[in-house]
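A.B. asks: next come a sequence and a model predicted from it.
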Amino acid sequence: MSLRDRIAELIAEAGPIPVSHYMALCLFDPADGYYTTREPFGAKGDFTTAPEISQMFGELVAVWLASAWQAAGAPQDAILAEIGPGRGTLMRDMLRTLARIAPDLTRRVAMIETSPRLVEVQKRTLGETSTTWHRDIGELPGAPLFIVGNELFDAIPIRQFVKTSQGWRERCVGLDTDGALTFVAGPGSTDAPLPDAPNGAIFEIAPARNALMQEVAERIARDGGAGLFIDYGHPVTGIGDTLQAIRAHAYVDVLATPGQADLTSHVDFAELAAAAGAAGLQTRAMTQARFLLGMGLLERAGQLGAGGDAGLQERLRGEVERLAGVKEMGELFKVLMVGRDVTGLPPR
């Protein structure tokens, strides 16, 4: 039985399911979930992340982590970690750079990954290293933590609420008269304060995202370290439906092919910053363009292209545009720094 049929059967028996439940089934179902059964990354997959676009992304993130580590006094027992590491491309590029500029930061490397299939992919990417793998933050030993997460929070299920004439109701997935999946307003609401809005408006909250950020922040507040989180989203909380599905590098219907498309939503960076702040950390947020350009993206592209042929020069220009261009990832993607003191960290 397909995942779509199993979801339809569940709805027929128990009634409409919240959007958060639908997302969790589509992404993480043990038998048919998107991340448990597919290779989503790269040109042959469904989407391409920044580390897959250019080695420069991982190199500049590594420079930032080295700066944060040095600002913290270069603790020798520090843990360098990535959460949600995809194919391991970002960590591979970071380790290559850190081996030159801050080798002591690579003594204890940890990957936080829930998918056994992706763990095997990451091990092949990294090759023979002393890296350890963990299912969650709680498995890491107590030590200063320098952690990065790229396109992590967008895939964590969200809750949606729709404004009706009876007030805000949780948005759910149900069945129409033909048995097809459809969005419906469920009977449930929420105690969370929701804004005033016209009927039909959608408002999203992400308690699971905020809980994960708070867990990471509490570790850093207790043991020291810093975190860098990069994702697409908005800097302030607002109304709107941002749930989307991507398959073969194109947007598709969210309900059309459960388990066969990547389901994500835009990240509310104001909420993430508030969660980190609740744990006692400072935060700084900026666009990906400002971060990468401030960390030296253009200068690094110039170094890589020096003496190269026209083909290399054009490829590097294309990579810079994709990572930092206004119409590409540069403005849509945001960067959030968290730590005990991030005011002096680059870019300034």
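C.D. replies: Noted; the coordinates are in hand. Numbering: from 1, shown residues only.
A.B. asks: C-alpha from now on. contacts and neighbour counts both.
C.D. replies: Noted.
A.B. asks: secondary structure class for residue 335?
C.D. replies: Under DSSP: H, G, I helix; E, B strand; the rest coil, the three-state class of residue 335 is strand.
A.B. asks: in the stretch 201-348 of the chain, where is pLDDT below threshold?
C.D. replies: Nowhere does the stretch 201-348 of the chain drop to pLDDT under 70.
A.B. asks: oh sorry, the question was meant for the stretch 1-150 of the chain
C.D. replies: 42-46.
A.B. asks: recalculate using a threshold of 50.
C.D. replies: Filtered on pLDDT under 50, the stretch 1-150 of the chain yields no residues whatsoever.
A.B. asks: that one: helices as residue ranges?
C.D. replies: Using DSSP state H, counting those that start in this stretch, the helices of the stretch 1-150 of the chain run over residues 3-14, 19-28, 34-37, 50-53, 55-71, 89-101, 116-126.
A.B. asks: cool, and the stretch 201-348 of the chain?
C.D. replies: Going by DSSP H, counting those that start in this stretch, the stretch 201-348 of the chain shows helices at 207-223, 269-278, 288-295, 297-305, 310-324.
A.B. asks: who's in contact with residue 298?
C.D. replies: residue 320 (Cα atoms under 8 Å, 6 or more residues apart in numbering).
A.B. asks: what about residue 2, how many neighbours?
C.D. replies: By the criterion of other Cα atoms under 10 Å, residue 2 has 12 neighbours.
A.B. asks: the nearest residue to it once chain neighbours are set aside: neighbour count?
C.D. replies: Excluding the flanking residues, the one nearest residue 2 by Cα to Cα, 6 or more residues apart in numbering is residue 32, at 7.8 Å. Counted with other Cα under 10 Å, the neighbours of residue 32 add up to 20.
A.B. asks: hang on, residue 32 packs against residue 4?
C.D. replies: No - between residue 32 and residue 4 no contact is recorded; they are 9.6 Å apart, counting by Cα atoms under 8 Å.
A.B. asks: kindly reformat the helices of the stretch 201-348 of the chain as a markdown table containing distance to residue 122.
C.D. replies: Output for those, formatted as a markdown table (distance: least, Cα to Cα, whole Å):
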| stretch | distance to residue 122 |
| --- | --- |
| helix 207-223 | 22 |
| helix 269-278 | 27 |
| helix 288-295 | 25 |
| helix 297-305 | 26 |
| helix 310-324 | 23 |
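A.B. asks: domains in the protein, as residue ranges please.
C.D. replies: The record, using automatic domain parsing to delimit domains, assigns the chain the ranges 1-29+159-205, 33-155+206-236+261-339.
A.B. asks: any idea how far apart the tips of stretch 147-157 sit?
C.D. replies: With Cα to Cα, to the nearest Å as the measure, stretch 147-157 spans 22 Å from end to end.
A.B. asks: count the residues that sit near the closest residue to residue 324 other than its chain neighbours.
C.D. replies: Counting by Cα to Cα, 6+ apart, residue 324 lies nearest to residue 330, which is 3.7 Å off, once chain neighbours are set aside. Neighbourhood size, residue 330 [other Cα under 10 Å]: 22.
A.B. asks: so residue 330 touches residue 286, yeah?
C.D. replies: No - at 10.2 Å, residue 330 does not count as touching residue 286 under the criterion of Cα under 8 Å.
A.B. asks: any buried residues in stretch 231-251, and which?
C.D. replies: Residues of stretch 231-251 classed as buried by neighbour count (16 or more other Cα atoms under 10 Å): 231, 232, 233, 234, 235, 243, 244, 245, 246, 247, 248, 249.
A.B. asks: list the contacts of the fourth one.
C.D. replies: Spelled out, it's residue 234. Counted by Cα under 8 Å, 6+ apart, residue 234 has contacts 266, 267, 268, 269, 270, 332, 334.
A.B. asks: gap between it and residue 292?
C.D. replies: 18 Å.
A.B. asks: can you name the residues that contact residue 62?
C.D. replies: 94, 95, 97, 98.
A.B. asks: could you find the closest non-adjacent residue to residue 173?
C.D. replies: Nearest non-adjacent residue to residue 173 (Cα to Cα, 6+ apart): residue 183, at 4.6 Å.
A.B. asks: neighbouring strands of the helix or strand harbouring that neighbour in the sheet, and parallel or not?
C.D. replies: Assessed by DSSP states H and E, residue 183 sits inside strand 181-185. With DSSP bridges as the test, strand 181-185 is paired with strand 167-175 (antiparallel).
A.B. asks: list the buried residues for the partner strand?
C.D. replies: 168, 169, 170, 171, 172, 173, 174, 175.
A.B. asks: now, which of those sits nearest residue 115?
C.D. replies: Ranked by distance to residue 115 (Cα to Cα), the buried residues of strand 167-175 are led by residue 173 at 25.8 Å.
A.B. asks: correct me, but the closest one touches residue 19?
C.D. replies: Yes - assessed by Cα under 8 Å, residue 173 is found in contact with residue 19 at 6.2 Å.
A.B. asks: before we move on, the earlier item: between the domains of the chain, which one is closest to residue 253.
C.D. replies: Across the domains of the chain, closest to residue 253 is domain 33-155+206-236+261-339 (Cα to Cα), at 9.1 Å.
A.B. asks: can you get me the start-to-end distance on the closest one?
C.D. replies: 34 Å.
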